[in-house]
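**Q** Just need the structure, nothing else, for what follows:
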Amino acid sequence: MLYFILLIILSALMTSFMIMKEIYIKTSTMAIVMALGIITEGALSNYFGSKFFTLGYGKVISIIIFSLWISFFISILTSLFHHKFIEKHYNDPLNRFGMGTWIAGTSISGILLAKHFTDLLFVAKILSLFNSGLWTMYIFVCIKTLLTAQRAQLLKKAHGILLLTTVSTQSIVLLLNTVWIDLPQIFNVCLVIIGILLYCISLFFIAKRYVSRSSTGRVATHWNNTNCILHGALSITGLACITSQAINPEMILFIWALACLMFFLVEGIEIYRMYERIKLYGIRKGILTYDVSQWSRLFTFAMFYTFTSYVDPSSKLQAIVQHTTLLTGIWVILSLCLAELLMLFFSSIAHPKTSQIQRNEQSL
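**A** Alright, predicted model coming up:
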């Protein structure tokens, strides 16, 4: 009952603030829920064990996450009622893919409810049905966008946001296998395969965009934060396979190996990009700026950590990689999360009249 009261109070406060300030969230702002959710359920619970939730810490964080989900969705519904939905979320063909954060954010919220608030399991089941319908509409919109003349625009600007099609699909697998018992295995296999196919299509668009660029110096301005989803989408695919038992252990290890390779490749580019941005803009403007798309990095790091924690290594090298990741990864994730929250806080102070949620320069 105490947690329920806390949920009501926090949701009311957040929603009231957003309504009074007339805040319409960016399409991909739900990435905050995605990131905090997987950090809580995947990284923190795996590192600190069951006591993280039994002592109440995990439950309090989960309530905060679910309160954010409620307030964000009310903001989306408000934009619909005020006839701003098309302008905010649909007009830009690339931005439509950001609606995938709505599905993934709803999935992690439902998983937290189902696992740690058993009295609210029925709410998690309702959310799973709602989310499945939302996912169906989202995939239809994405496929339609890819098949229309607008794909020419996507080729010029494609980045990791396209991979939210895979993330949202595999999040549905995770949610349904958490709240429902004995799902038909063919159902799980079909969803996982759909997610993999969407990954391949998205990867094609992203690779074609960057291969066409001859100057590597452009990485400072043309490489997007969301490209880290290149490894995050592989990690959530592997986790969905483990949870649903859709494929055999050998294939899961293969996906993990791909995720590891992609992680080091993408994050290597990110380090080079950071160096280039510092040279161009200085430390403050180059890296110490808040952008909602940065939550995608937190999500992918935590997802890679979670996937790694469930893998059963078959070689000494794999065991070393797993041990190193689990030993150091949690502190990297927490440090990045703290840095992100601090940048959000100081940005809000520096620009009190303009919500950072509204004015992020680079959408997810």
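**Q** Which helix runs longest in the chain?
**A** Scanning the chain for the helix with the most residues, using DSSP state H, yields helix 249-286.
**Q** who does that one touch, helix- and strand-wise?
**A** helix 219-222, helix 229-244, helix 295-310, helix 316-350 (3 or more CB pairs under 8 Å, 6 or more residues apart in numbering; DSSP states H and E). C-beta: built from backbone N, CA, C; applies to glycine.
**Q** show me where pLDDT drops low in this protein?
**A** Scanning the chain for pLDDT under 70 picks out the ranges 149-154, 213-218, 220, 346-364.
**Q** hang on, the earlier thing: using JSON lines, lay out the helices and strands packed on helix 249-286 together with distance to Y24 and mean neighbour count.
**A** As requested, the helices and strands packed on helix 249-286 are exported to JSON lines (distance: least, CB to CB, whole Å; neighbours: other CB atoms under 10 Å):
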{"stretch": "helix 219-222", "distance to Y24": "27", "mean neighbour count": "15"}
{"stretch": "helix 229-244", "distance to Y24": "24", "mean neighbour count": "27"}
{"stretch": "helix 295-310", "distance to Y24": "18", "mean neighbour count": "26"}
{"stretch": "helix 316-350", "distance to Y24": "17", "mean neighbour count": "14"}
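**Q** To V192, which of the ones you listed lies closest?
**A** Closest approach to V192 among the helices and strands packed on helix 249-286 (CB to CB): helix 229-244, 5.8 Å.
**Q** list the helices and strands that closest one packs on?
**A** If contacts are counted by 3+ CB pairs under 8 Å, 6+ apart, helix 229-244 sits against helix 164-179, helix 185-211, helix 249-286, helix 295-310.
**Q** and the angle for that helix with helix 164-179?
**A** 20 degrees (axes from the mean of the first three to the mean of the last three CA atoms, to 10 degrees).
**Q** Going forward, the N-terminal residue is numbered 37.
**A** Sounds good: first residue 37 from here, last item helix 265-280.
**Q** W367 and N263, how far apart?
**A** Distance from W367 to N263, counting by CB to CB, to the nearest Å: 24 Å.
**Q** Let me fix that, I meant to ask about A338.
**A** For A338 relative to N263 (CB to CB), the value is 17 Å.
**Q** Pull out the buried positions in the helix or strand hosting F166.
**A** Secondary structure from DSSP states H and E places F166 in helix 157-183. Within helix 157-183, the residues that count as buried by 16 or more other CB atoms under 10 Å are 159-161, 163-164, 167-168, 170-171, 174-175, 178, 181-182.
**Q** Identify the residues contacting the residue of the chain most remote from its centre.
**A** Relative to the C-alpha centroid of the chain, counting by CA atoms, centre = their mean, K352 is the outermost residue, at 31.0 Å. Residues counted as contacts of K352 (CB atoms under 8 Å, 6 or more residues apart in numbering): none.
**Q** Tell me if I'm right that S98 and G146 touch.
**A** No: S98 is beyond contact range of G146, at 11.2 Å (criterion: CB atoms under 8 Å).
**Q** So those two - more neighbours on which side?
**A** For S98 versus G146, neighbours defined as other CB atoms under 10 Å are more numerous around G146 (30 against 25).
**Q** Relative to I139, how far out is the spatially closest residue to that one that is not a sequence neighbour?
**A** Closest residue to G146 in three dimensions, ignoring its sequence neighbours and counting by CB to CB, 6 or more residues apart in numbering: L163, at 4.1 Å. Separation of L163 from I139 (CB to CB): 11 Å.
**Q** L170 now?
**A** Relative to I139, and taking CB to CB, L170 is found at 6 Å.
**Q** What of G169?
**A** G169 sits 10 Å away from I139 when distances are taken as CB to CB.
**Q** Excluding covalently adjacent residues, which one is nearest to T63?
**A** T63 sits nearest to G134 (CB to CB, 6+ apart), 3.8 Å away.
**Q** pretty sure that neighbour contacts S64?
**A** Yes: using CB under 8 Å, G134 is in contact with S64, at 3.7 Å.
**Q** and those two? which has more neighbours close in?
**A** S64 (28 against 23).
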